[in-house]
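[1] Return a 3D structure for these sequence lines:
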Amino acid sequence: MITIAYLTNRNETRIEWFFDSLTRELGGDCERVQVVVVDHLAQKLEETKDEEARVEARLEDFRSRAQFKFKHVPPKPSVWQGPHRLTQTDYFAPSNARNTALCYAEGEYIVFVDDLSVLLPGWFKEVEAAEASGVVACGSYAKALEMSVMSGELRKVKGMQTSLSMLKPDKVVEHLLKYHPQGVDSRLTQVDGWEPVEAGGSWMFGCSCAMPVSSLLEIEGFDEDCDPMGGEDYCCGMMLERLGLKFEYRKKMMTIESEELHSQGVPFNRPIKDADTAADASVRMLKWVQSGARRKGANYWGRGGLRVLRDKVLSGYPFPVMGIPEHDWRDSQPLREM
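    Here you go, the predicted model:
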């Protein structure tokens, strides 16, 4: 089984684009996958009957669309966001969401997919090939304007009159480079041809990536010290590379994501703080990982780390509320002041 993790914090997720395109990709073999949707809005944000009704309606809507093994969950307790936060408002916490999905993953291989995305034809074949080879797969992506998606097929984007489903991938990229070049994956133009190519861990970023679950557990998942700022994807990739895993950039493992919908709603706080006089904290974290000084993510779960936590969750136990760290590692500011 392959676990596919879909992460969102938006009212408008366009999850039907993902569900419908995944159903097409599976070709009826829906037993092959487990889908875990980690959804910030799948939890009560305040104690009211209206909020309880909203959550229940959202859960039912998502359940009704799924044709495969499916779990819809909120992010695990975090000091950065949600009902157990220490901060005064919600902060960006992508590692926490990714590690939540990892704890629910029943498959031995996991794929992470951004919201607001549609899978292009051939996406799942690339995932299966990567799984069979035991490599980390870095998928390609592009962000587009004025997307029209019907039954999981990307029909139109800005400036195009022909259905994209009728075009070969290189023509799709050619069009997107013309009408919205800033949204196109920079790696697409650095690699010739459409066959998989070897890559490094720093290329693990973008809208979909896949890897063995056991290797991810070995490095404590995605580093939750990246949570208030990001960069967790390529930092994780470089840690996995140090374990000896091989990486492949797979152009045909392609997703197209809505550019306009990205800007809707209120974003989480995502401050970049100075950690020293030479560079901001995100650069300092990157240097630690690149040098090998940091080979695993932070362990805030006690003895056995994320592996033991996952075993407990899969056995039916709830996530514990750890309440740590209490200070921001970047400048020692108490989280309760933030």
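[2] and the helix or strand harbouring G237, how far from the chain's centre?
    If you go by DSSP states H and E, G237 is part of helix 232-242. How far helix 232-242 lies from its chain's middle: 14 Å, per CA atoms, centre = their mean, to the nearest Å.
[3] and if you look at stretch 149-163?
    Computed by CA atoms, centre = their mean, the separation of stretch 149-163 from the middle of its chain amounts to 24 Å.
[4] Residues contacting that stretch, please?
    14, 17, 19-24, 118-120, 144-148, 164-165, 175-176, 178-180, 256 (CB atoms under 8 Å, 6 or more residues apart in numbering). The C-beta positions use only the backbone N, C-alpha and C, and glycine is treated the same way.
[5] Check the average confidence over stretch 103-121, would you?
    Stretch 103-121 shows a mean pLDDT of 96.
[6] what distance separates the start and the end of that stretch?
    Separation of the first and last residues of stretch 103-121 by CA to CA, to the nearest Å is 29 Å.
[7] Go through that stretch and flag the buried ones.
    Within stretch 103-121, the residues scored as buried using 16 or more other CB atoms under 10 Å are 103-105, 107, 109-121.
[8] List the buried residues for stretch 210-217?
    When burial is assessed from 16+ other CB under 10 Å, stretch 210-217 yields the following buried residues: 210-213, 215-217.
[9] Mind checking which of those residues are in strands?
    210-212 (DSSP state E).
[10] so what does the helix holding G237 touch, helix or strand wise?
    Applying 3 or more CB pairs under 8 Å, 6 or more residues apart in numbering; DSSP states H and E, one finds that helix 232-242 contacts helix 94-104, strand 136-144, strand 208-212, helix 213-218, strand 247-258, helix 281-291.
[11] Throw the ones you listed into JSON lines and include distance to L41, thanks.
    Converted to JSON lines, these look like this (distance: least, CB to CB, whole Å):
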{"stretch": "helix 94-104", "distance to L41": "12"}
{"stretch": "strand 136-144", "distance to L41": "22"}
{"stretch": "strand 208-212", "distance to L41": "22"}
{"stretch": "helix 213-218", "distance to L41": "25"}
{"stretch": "strand 247-258", "distance to L41": "18"}
{"stretch": "helix 281-291", "distance to L41": "27"}
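[12] can you tell which of these is closest to L335?
    helix 94-104 (13.6 Å; CB to CB).
[13] Look up the pLDDT of M166 for me, please.
    Looking at M166, the pLDDT reads 68.
[14] Then the one 4 residues further on?
    According to the per-residue confidence, D170 scores 81 in pLDDT.
[15] ditto for L177
    For L177, pLDDT reads 88.
[16] What separation is there between it and V184?
    L177 sits 5 Å away from V184, going by CB to CB, to the nearest Å.
[17] Also V55?
    36 Å.
[18] which among the ones in strands among the buried residues of stretch 210-217 gets closest to L188?
    Of all those, L188 sits closest to A210, with 17.9 Å by CB to CB.
[19] The closest one pairs with what?
    Beta-bridge partners for A210, by DSSP bridges, are V111, A137.
[20] so what's it up against?
    109-112, 127, 130-131, 136-137, 139, 253.
[21] per-stretch mean pLDDT over the helices and strands packed on helix 232-242, give me the minimum one.
    With a mean of 92, helix 281-291 has the lowest mean pLDDT of those.
[22] distance between that helix and the chain's centre?
    21 Å.
[23] Just the buried residues of that helix, please?
    Buried residues in helix 281-291 (16+ other CB under 10 Å): 281-282, 284-286, 289.
[24] what helices or strands is that helix leaning on?
    Using 3+ CB pairs under 8 Å, 6+ apart: helix 281-291 touches helix 232-242.
[25] Just the C-alphas of the helix it packs on, formatted as CSV.
    Output in CSV follows, covering the C-alpha atoms of helix 232-242 (Å, rounded to 0.1, in the frame of the first residue of the first chain):
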residue,chain,number,x,y,z
GLU,A,232,11.3,21.6,6.0
ASP,A,233,11.1,19.9,2.7
TYR,A,234,14.6,20.4,1.3
CYS,A,235,16.1,20.1,4.8
CYS,A,236,14.4,16.7,5.1
GLY,A,237,15.7,15.8,1.6
MET,A,238,19.3,16.5,2.6
MET,A,239,18.9,14.5,5.8
LEU,A,240,17.6,11.5,3.8
GLU,A,241,20.4,11.9,1.3
ARG,A,242,22.9,11.5,4.2
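[26] where along the stretch 51-200 of the chain do the strands fall?
    Under the criterion DSSP state E, counting those that start in this stretch, strands of the stretch 51-200 of the chain are mapped to 69-73, 109-114, 117-119, 136-144, 148-150, 153-156, 197-199.
[27] D90: what's it in contact with?
    Counting by CB under 8 Å, 6+ apart, D90 touches 40, 80-82, 268-269.
[28] Any figure for the gap between it and L59?
    20 Å.
[29] for R98, same thing?
    From R98 to L59 the distance is 21 Å (CB to CB).
[30] and if you look at M338?
    Counting by CB to CB - M338 and L59 are separated by 30 Å.
[31] tell me the centre residue of this protein?
    F112 (4.4 Å; CA atoms, centre = their mean).
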